[in-house]
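Novice: turn this into a structure:
(4 chains)
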Number of protein chains: 2
Amino acid sequence: MLRTVTMSDVARAAGVSPMTVSNVVNGRPGVSEAVRRRVLEQIEATGYRMNAAARQLRSGRSGVIGLAVPELDRPYFGALGSHITRVAKDAGYRIAVEETGAGEAGEIDAIQLSQSLQYDGLILSSVNMDLRKIGGVQSFPIVLLGERDNPTGADHIALPNVEGARAVTRHLAERGARRIAYVGGPSTEAVSIFSLRREGFEAGLADAGLEVPRGGEDPLRFETQLITMEEGRRAGWQIAESPQLPDAVFAITDTVALGVVRGLADRGVRVPEDLLVAGFDDVPESEYLVPSLTTVAPDHEWTARRAVELLLARMEKPSRTGNEERAPFTVAIRESTGG
Amino acid sequence: MLRTVTMSDVARAAGVSPMTVSNVVNGRPGVSEAVRRRVLEQIEATGYRMNAAARQLRSGRSGVIGLAVPELDRPYFGALGSHITRVAKDAGYRIAVEETGAGEAGEIDAIQLSQSLQYDGLILSSVNMDLRKIGGVQSFPIVLLGERDNPTGADHIALPNVEGARAVTRHLAERGARRIAYVGGPSTEAVSIFSLRREGFEAGLADAGLEVPRGGEDPLRFETQLITMEEGRRAGWQIAESPQLPDAVFAITDTVALGVVRGLADRGVRVPEDLLVAGFDDVPESEYLVPSLTTVAPDHEWTARRAVELLLARMEKPSRTGNEERAPFTVAIRESTGG
DNA sequence: TTGTAGGCGTTATCAC
DNA sequence: GTGATAACGCCTACAA
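Specialist: Numbers count the residues shown, from 1 in each chain, chains lettered A, B, ... in the order given. The predicted structure follows:
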């Protein structure tokens, strides 16, 4: 690779000082039109490109915001990345998305994080990391997305996990369901989408005057370890093979719900004729499935916009106290619960 | 924000030189165990973090490979990002995914590109950019993904667009379809997935001894401007309202196929009972849909691995001549064409 | 309006 | 095994 073209090279070629080139490149005022043109010509001629590393080293800014998500191939995160990219662009920032790999998370995220200091800020959407491990980064602008205890004082946008699950569960009850199955993650005490959506589900049952299972075996609870279509499908099989088919299923995410519907279909159980199904997230596909999927629809636009706003505010004023916010939502009622 | 902790600070605290700290941080040999421990202690104590910009400025490497995709919220690109991230990690690189925004592309991509020189290399999966605009970046390692003329001499991995579309079209014919509709992008001469998958489709028709439409009006061709579920749905409506229902539909992508199936369902047309449907890409959802979707399944793992391999080889030896490769594929036969 | 000096945090090189 | 020195390419501050 040939030697890199630097500002000095351009300056020499144009017969000016490096500083003048810098001024031209950055659109700063105080450069005569003649010189400006001459410099631009030489930039073209030499094929000069700004060195981002040098600029950042000097200015401390990279103009890039990192977005860390656990899995890129889940529609929810794809849509999130897409929204955030658009919002950030309007604010003059680029977004670089990184996949942290869910599950093990902790370590990986931490590494990711430490390295990501090349970004001006980070929007972190992770499920499993212990936030206390973020130590030493207090001074780095971070916005947390998604559920968790937040002992860090960082800005945090939560999904309407409890309220959303509660509302959609009530909806299932209003549709006449009495025995409502729950398909979701493992029972844990830690605050997570697992615990919160479950909590909302139980609150919804209570609202509807339905029995809330307490301890011991719960024949209507189907635990999955991961939030995947495959795990949902397995749960669908189990549900279909239950001694008594439930009236409805609430799945912890649309991705899982898709798997559940598939699993039910594998066993000849039809949705919504034999059984209602509802999910959570309103991923883009949900509206187009057959049957289209009833789901809790958090306002993704709002979330993206707010995440960027909070991050920019924090970058501006690192001493701000952390915000705790919650995305608004609706329940999108579709064919999978009778339309 | 407090002053950043630098290597010098750590060095002073540990009573060694900055160079030694650098050696420890980078795991270079030739540091006594005692000193190493002392340095690590002080790194911990001071909360020191490497400055990526400075390292890159000095070493010329960032350890980051860029992946530019047109749309993050299309499952195909989510899956691609996910695969590539895993492969790259094994090779010691991180992946930063950027959304370029399809459609207008050209400019945006070019900008994206020029900025992305902070990466050690770039995997570019774009649809619309005129590659000649990449001028001035010949010395920058790039691997192109997807369809196009490739006048640049850069490494290029193509999808099996022609062969795949051909094979799946033959499959539809083997299932007894005579009148096969095509749902895809606009007619263009430029080489693109639009032109290539269409070409493969027509070849498949010919293989099966079916009539290949020539010029003029083709009642079995439904053009979409974008590759979206919504456009697919509209095409589904049109198909359902045709004077005579076709026997089968080949949709240019799974995303479009999903929309088509939805649009057909809106009009009471059932898949596969009334009509067979096949797609292209084998996105993760396709297997879980009801009915599961028959589709051309390029080997995504292979593509990801090969893309990273080619890029690394190019980074190693910039003078390599460009490779032209084509991903292997199978036709995943599922319920939407009768299983 | 343009130029000069110096340093951002790291590492390659070479001496000790 | 460890340290001194000099860049990497740019930008802030100030001088001309």
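Novice: going forward, measure contacts and count neighbours with C-alpha atoms only.
Specialist: Will do.
Novice: identify the bridge partners of residue A:221.
Specialist: residue A:182 (DSSP bridges).
Novice: ok, now how distant is residue A:216 from chain B?
Specialist: 32 Å (Cα to the nearest Cα, to the nearest Å).
Novice: repeat for residue A:99
Specialist: 7 Å.
Novice: with residue A:154 instead?
Specialist: Residue A:154 is 15 Å from chain B, by Cα to the nearest Cα.
Novice: right, and that residue touches residue A:124 too?
Specialist: No. Taking contacts as Cα atoms under 8 Å, residue A:154 lies outside contact range of residue A:124: 10.8 Å.
Novice: what residues are shared contacts of those two?
Specialist: Any residue near both residue A:154 and residue A:124 by Cα atoms under 8 Å, 6 or more residues apart in numbering or on different chains counts here, and that gives A:142-144.
Novice: now do the same end-to-end measure for stretch A:323-339.
Specialist: End-to-end distance of stretch A:323-339 (Cα to Cα, to the nearest Å): 37 Å.
Novice: of the shared contacts of residue A:154 and residue A:124, the lowest pLDDT goes to which?
Specialist: When those are compared on pLDDT, residue A:142 comes out lowest, with 85.
Novice: how many residues are close by the residue lying closest to it once chain neighbours are set aside?
Specialist: Among residues not flanking residue A:142 along the chain, residue A:122 sits closest, at 4.8 Å (Cα to Cα, 6 or more residues apart in numbering or on different chains). Neighbour count of residue A:122, defined by other Cα atoms under 10 Å in any protein chain shown: 26.
Novice: A strand includes residue A:122, no?
Specialist: Yes. Counting by DSSP: H, G, I helix; E, B strand; the rest coil, residue A:122 falls inside a strand.
Novice: for it, which residues are in contact?
Specialist: If you count contacts by Cα under 8 Å, 6+ apart, then residue A:122 has A:65-68, A:116, A:141-143, A:311 around it.
Novice: with residue A:226 instead?
Specialist: Going by Cα under 8 Å, 6+ apart, residue A:226 touches residue A:185.
Novice: look up how far residue A:235 lies from it.
Specialist: 12 Å.
Novice: mind putting the shared contacts of residue A:154 and residue A:124 in CSV, distance to DNA strand C included?
Specialist: Formatted as CSV, these follow (distance: Cα to the nearest atom of the strand, whole Å):
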residue, distance to DNA strand C
A:142, 20
A:143, 24
A:144, 26
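Novice: report the buried members of these.
Specialist: A:142-144 (16 or more other Cα atoms under 10 Å in any protein chain shown).
Novice: mind checking how far the residue lying closest to residue A:7 once chain neighbours are set aside is from DNA strand C?
Specialist: Ranked by Cα to Cα, 6+ apart and with sequence neighbours excluded, the top spatial neighbour of residue A:7 is residue A:18, at 5.6 Å. Distance from residue A:18 to DNA strand C, counting by Cα to the nearest atom of the strand, to the nearest Å: 6 Å.
Novice: model confidence for residue A:18, exactly?
Specialist: 88.
Novice: residue B:268: which of the shared contacts of residue A:154 and residue A:124 is nearest?
Specialist: residue A:144 (44.3 Å; Cα to Cα).
Novice: how close does the closest residue to the closest one other than its chain neighbours sit to residue B:320?
Specialist: Residue nearest to residue A:144 in three dimensions, not counting chain neighbours: residue A:156, with 4.6 Å by Cα to Cα, 6+ apart. The gap separating residue A:156 from residue B:320 is 48 Å, by Cα to Cα.
Novice: kindly report the same for residue A:266.
Specialist: Going from residue A:266 to residue B:320 by Cα to Cα gives 51 Å.
Novice: just give the number of residues close to the closest residue in space to residue A:118 that isn't next to it in sequence.
Specialist: Leaving out its chain neighbours, the residue that sits closest to residue A:118 by Cα to Cα, 6+ apart is residue B:52, at 5.6 Å. Residue B:52 has 21 neighbours, counted by other Cα under 10 Å.
Novice: in terms of contact, does residue B:52 touch residue A:62 like I think?
Specialist: No. Assessed by Cα under 8 Å, residue B:52 is found out of contact with residue A:62, at 10.8 Å.
Novice: spit out the residues that contact these two alike.
Specialist: residue A:118.
Novice: of residue A:156 and residue B:320, which one has the most company?
Specialist: residue A:156 (26 against 14).
Novice: residues touching the residue nearest to residue A:144, list them.
Specialist: Contacts of residue A:156 by Cα under 8 Å, 6+ apart are A:143-146, A:150, A:322-325.
Novice: pLDDT score assigned to residue A:263?
Specialist: Note on residue A:263: pLDDT of 98.
Novice: what do you get for residue A:138?
Specialist: On the pLDDT scale, residue A:138 gets 58.
Novice: now residue A:272
Specialist: 96.
Novice: kindly report the same for residue A:135.
Specialist: So, for residue A:135, pLDDT stands at 50.
Novice: so the helix or strand residue A:308 falls within, near chain B or not?
Specialist: Secondary structure assignment for residue A:308, by DSSP states H and E: helix A:300-316. No. Using Cα under 8 Å from any Cα of the partner chain, helix A:300-316 stays clear of chain B, coming no nearer than 10.2 Å.
Novice: now do the helix or strand just after that helix, average pLDDT.
Specialist: Sequence order places strand A:324-326 as the next helix or strand after helix A:300-316, per DSSP H and E. Across strand A:324-326, pLDDT averages out at 92.
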